[in-house]
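Engineer: mind folding the following:
(chains A and B)
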There are 2 protein chains.
Amino acid sequence: VTAAPLSAEAFTSRLRDEGARRYHDRHPFHVRMNDGDLTPAELRSWVTNRYYYQTRIPIKDALILAKSDDPAFRRAWRRRLADHDGDDVDPGGIARWEALAAACGTSREALLSHAGVGPQARAACDAYVDFVQHAPLVEAVASSLTECFAPDLMRARIAAWERHYPWVATSGLTYFRERVSRASRDGAEALRFVVARAQSRDEQEACVAALVRKTEILWQLLDAIQAEGAAP
Amino acid sequence: VTAAPLSAEAFTSRLRDEGARRYHDRHPFHVRMNDGDLTPAELRSWVTNRYYYQTRIPIKDALILAKSDDPAFRRAWRRRLADHDGDDVDPGGIARWEALAAACGTSREALLSHAGVGPQARAACDAYVDFVQHAPLVEAVASSLTECFAPDLMRARIAAWERHYPWVATSGLTYFRERVSRASRDGAEALRFVVARAQSRDEQEACVAALVRKTEILWQLLDAIQAEGAAP
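Structural biologist: Sure thing, here's the model as predicted:
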């Protein structure tokens, strides 16, 4: 027998609970970051490895666009591409992450070459693109629901960096500041879509699994950075 | 031995020549359209079948976006998504094609359902998405170079429709009018990219082949519409 679908409220709670308890703010490396325990080299390694993740975001968002037959959905989702790639008035999130790396003292050449990205970190980021490429639209969108937890993480991170890493110019933290409102909006939008679209219990469970998979990928990225230590 | 790469001028001429002589403005069905020889049912069938093609365009453009690592390339290419899907001020090309169908007397429900799209027409359009999905970036872009020939086609089409099909309200022709300048800009932009990016003779030949493949797809779409006759 097939289980009855969860109510919208129960499904939303399930997604929030499964996502929140696996979110990477609980990873030991992230806890050390916010406790101020990372060395400058470790902080730079995080910025460099995570930059590779950032460069994958517009690619996975374009893959999500390509899965939809609905111009209205694509019009709304297209804003995410603008958020990261920029437009006529906004340099975009990737440029803001490059400014963060500069504020941490990482050379632009080293950053853009991805030479400091370890193989496990790269594999984790590539696995995200691969997952989105092969998942049905609703599961690909569900994998983005980590955005629901990002605003709180960003606020805590900004406070922690300003307190513990004052050698990073506060102007470098613009990426984090911009994501507070954008992630909140993106997470709510994606949640509405997933709750409306996943009709059967099987689809709902597949969406929960997609979100869990995404939290695992973010966790593995931090595992990789931690294991590789402070790369030169 | 590998042949030396063509000069930029010779490569451009090759692309223009191979594309122009295979472009679908020479297809018998298209010649009949511009000569005023289509019945209203045939014109509606063309609009309905071609609408399915139009709905594939943002999907193939999103797939092209996902192939690029360059935020500047993606920023420029994103405009094509806006052109078709619309934005806050522009309803977009898909909505303009829907207005064209309405002006031809096709019901919106029938149009959006794609019920009037024949299997061969659908296969031709799907083959385009499939080609772009699996092609390297430069070949995927090269397949868009039919845009270079679209402005002349659009101008001739507008004149032909206004003369031969006066029962179609001229306001329905806005899609064609808008494409004159947009296709000109898109074609020139794609041509610059292909000429700059395809460095070896093999890559250049692969780009020519991609453009030829695209002209075949557009031709097959008209073959299908012609063969299926005036669908109800």
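Engineer: hey, let's count contacts and neighbours off CA atoms from now on
Structural biologist: OK.
Engineer: secondary structure element for A:Leu6?
Structural biologist: Counting by DSSP states H and E, there is no helix or strand that carries A:Leu6.
Engineer: which ones are touching the closest residue to it other than its chain neighbours?
Structural biologist: Once flanking residues are discounted, A:Leu6 sits nearest to A:Arg201: 6.5 Å by C-alpha to C-alpha, 6 or more residues apart in numbering or on different chains. By C-alpha atoms under 8 Å, 6 or more residues apart in numbering or on different chains, the contact list for A:Arg201 reads A:Thr2, A:Ala3, A:Ala4, A:Pro5, A:Leu6.
Engineer: from those, which would you call buried?
Structural biologist: Buried subset of these (neighbour count, 16 or more other C-alpha atoms under 10 Å in any protein chain shown): A:Pro5, A:Leu6.
Engineer: could I get the contacts of A:Arg201 in CSV, plus columns for distance to A:Leu153 and pLDDT?
Structural biologist: CSV is the format used below for the contacts of A:Arg201 (distance: C-alpha to C-alpha, whole Å; pLDDT from 0 to 100):
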residue, distance to A:Leu153, pLDDT
A:Thr2, 37, 77
A:Ala3, 35, 92
A:Ala4, 34, 96
A:Pro5, 31, 97
A:Leu6, 28, 98
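Engineer: residue numbers of chain A in contact with chain B?
Structural biologist: For chain A, the residues in contact with chain B (C-alpha under 8 Å from any C-alpha of the partner chain) are A:55, A:58-63, A:65-69, A:71-72, A:74-75, A:82, A:85-87.
Engineer: mind checking which of these land in strands?
Structural biologist: Among the residues of chain A next to chain B, DSSP state E puts none in strands.
Engineer: which ones among those are found in helices?
Structural biologist: Judged by DSSP state H, helices contain the following of the residues of chain A next to chain B: A:55, A:58-63, A:65-66, A:71-72, A:74-75, A:82, A:85.
Engineer: most neighbours, which of the residues you listed?
Structural biologist: A:Leu65 (29 neighbours; other C-alpha atoms under 10 Å in any protein chain shown).
Engineer: spatially, what comes nearest to it if we skip its sequence neighbours?
Structural biologist: Closest to A:Leu65 by C-alpha to C-alpha, 6+ apart is A:Arg74, at 5.5 Å.
Engineer: so where's chain A shaky on pLDDT?
Structural biologist: The model of chain A has pLDDT under 70 over residues A:1, A:230-232.
Engineer: and stretch A:150-162, which residues are buried?
Structural biologist: Those would be A:Ala150, A:Pro151, A:Leu153, A:Met154, A:Arg157, A:Ile158, A:Ala160, A:Trp161, for stretch A:150-162 by 16+ other C-alpha under 10 Å.
Engineer: what does stretch A:12-30 give?
Structural biologist: For stretch A:12-30, using 16+ other C-alpha under 10 Å, the buried residues are A:12, A:14-16, A:19-20, A:22-25, A:27, A:29-30.
Engineer: tell me which two of the residues you listed sit farthest apart.
Structural biologist: Using C-alpha to C-alpha, the two most remote members of these are A:Thr12 and A:Phe29, lying 28.5 Å apart.
Engineer: ramachandran angles for A:Glu98?
Structural biologist: phi -60, psi -40 (degrees, to the nearest 10).
Engineer: how about it, what does it touch?
Structural biologist: So A:Glu98 contacts A:Tyr51, A:Arg108, A:Leu111 (C-alpha under 8 Å, 6+ apart).
Engineer: could you find the closest non-adjacent residue to the last one?
Structural biologist: In this case it means A:Leu111. What sits nearest to A:Leu111 in space, not counting adjacent residues and going by C-alpha to C-alpha, 6+ apart, is A:Thr48, at 6.0 Å.
Engineer: I figured that neighbour hits A:Ser113, correct?
Structural biologist: No. Counting by C-alpha atoms under 8 Å, A:Thr48 does not reach A:Ser113; the two are 9.9 Å apart.
Engineer: quick one, which of these two is more surrounded?
Structural biologist: Between A:Thr48 and A:Ser113, counted using other C-alpha under 10 Å, the more crowded position is A:Thr48 (30 against 11).
Engineer: contacting residues for the more buried one?
Structural biologist: A:Ala101, A:Thr106, A:Leu111, A:His114, A:Gly116, A:Val117.
Engineer: neighbour count and distance to A:Ile225 for the residues you listed - can I get that in CSV?
Structural biologist: Output for the contacts of A:Thr48, formatted as CSV (neighbours: other C-alpha atoms under 10 Å in any protein chain shown; distance: C-alpha to C-alpha, whole Å):
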residue, neighbour count, distance to A:Ile225
A:Ala101, 24, 16
A:Thr106, 18, 16
A:Leu111, 20, 15
A:His114, 14, 14
A:Gly116, 19, 10
A:Val117, 25, 9
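Engineer: JSON lines please, covering those and showing secondary structure and distance to B:Leu43.
Structural biologist: Formatted as JSON lines, these follow (DSSP: H, G, I helix; E, B strand; the rest coil; distance: C-alpha to C-alpha, whole Å):
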{"residue": "A:Ala101", "secondary structure": "helix", "distance to B:Leu43": "57"}
{"residue": "A:Thr106", "secondary structure": "coil", "distance to B:Leu43": "61"}
{"residue": "A:Leu111", "secondary structure": "helix", "distance to B:Leu43": "55"}
{"residue": "A:His114", "secondary structure": "coil", "distance to B:Leu43": "53"}
{"residue": "A:Gly116", "secondary structure": "coil", "distance to B:Leu43": "58"}
{"residue": "A:Val117", "secondary structure": "coil", "distance to B:Leu43": "56"}
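Engineer: closest one of those residues to chain B?
Structural biologist: Proximity to chain B was ranked across these by C-alpha to the nearest C-alpha; first place goes to A:His114, at 12.1 Å.
Engineer: from B:Pro71, how far off is that closest one?
Structural biologist: Distance, A:His114 to B:Pro71, using C-alpha to C-alpha, to the nearest Å: 15 Å.
Engineer: also A:Ser107?
Structural biologist: A:Ser107 is 19 Å from B:Pro71, by C-alpha to C-alpha.
Engineer: could you do A:Ser184 as well?
Structural biologist: The value you get for A:Ser184 to B:Pro71, if C-alpha to C-alpha is used, is 23 Å.
Engineer: try A:Ala4
Structural biologist: 44 Å.
Engineer: can you check A:Trp161 too?
Structural biologist: 27 Å.
Engineer: got it, and A:Glu9?
Structural biologist: For A:Glu9, the distance to B:Pro71 - C-alpha to C-alpha - is 38 Å.
Engineer: check A:Arg122 too.
Structural biologist: For A:Arg122 relative to B:Pro71 (C-alpha to C-alpha), the value is 19 Å.
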